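**Student:** The amino acid sequence is not available; the structure is as follows:
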């Protein structure tokens, strides 16, 4: 995950440190699983799907 608000890019570091987000078995929007993210203000998050899609 790339967070343009990271300190390396001149931001204050608010976001999802460690760049790994865990899926939770909490149904939301018709899906069986969901994730929780901290979205930094005035920044961009670029995520890449990882692992198996099974």
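**Tutor:** In hand now; what should we look at? Just so it is clear, the model here is predicted, and its values are computed rather than measured.

**Student:** Can you tell me which residue is spatially central in the chain?
**Tutor:** What sits nearest the mean C-alpha location of the chain, by Cα atoms, centre = their mean, is residue 37, with 4.9 Å.

**Student:** in what helix or strand does that one lie?
**Tutor:** In the assignment (DSSP states H and E), residue 37 maps to no helix and no strand.

**Student:** Which pLDDT value goes with it?
**Tutor:** Looking at residue 37, its pLDDT is 79.

**Student:** That one touches residue 21, doesn't it?
**Tutor:** Yes - between residue 37 and residue 21 there is a contact under Cβ atoms under 8 Å: 6.6 Å. Where you see a C-beta, it was placed from the backbone N, CA and C, and this is true even at glycine.

**Student:** dump the residue contacts of the residue lying closest to residue 35 once chain neighbours are set aside.
**Tutor:** The shortest distance from residue 35 to any non-neighbouring residue, by Cβ to Cβ, 6 or more residues apart in numbering, is to residue 21 (5.1 Å). By Cβ atoms under 8 Å, 6 or more residues apart in numbering, residue 21 lies in contact with 1, 35, 36, 37, 47.

**Student:** neighbour-wise, which of those residues leads?
**Tutor:** Taking other Cβ atoms under 10 Å as the neighbour criterion, residue 1 ranks highest of the contacts of residue 21 with 16 neighbours.

**Student:** Now do residue 9 against residue 31, distance only.
**Tutor:** As for residue 9, its distance to residue 31 is 31 Å (criterion: Cβ to Cβ, to the nearest Å).

**Student:** cool, and residue 45?
**Tutor:** Counting by Cβ to Cβ, the gap from residue 45 to residue 31 is 19 Å.
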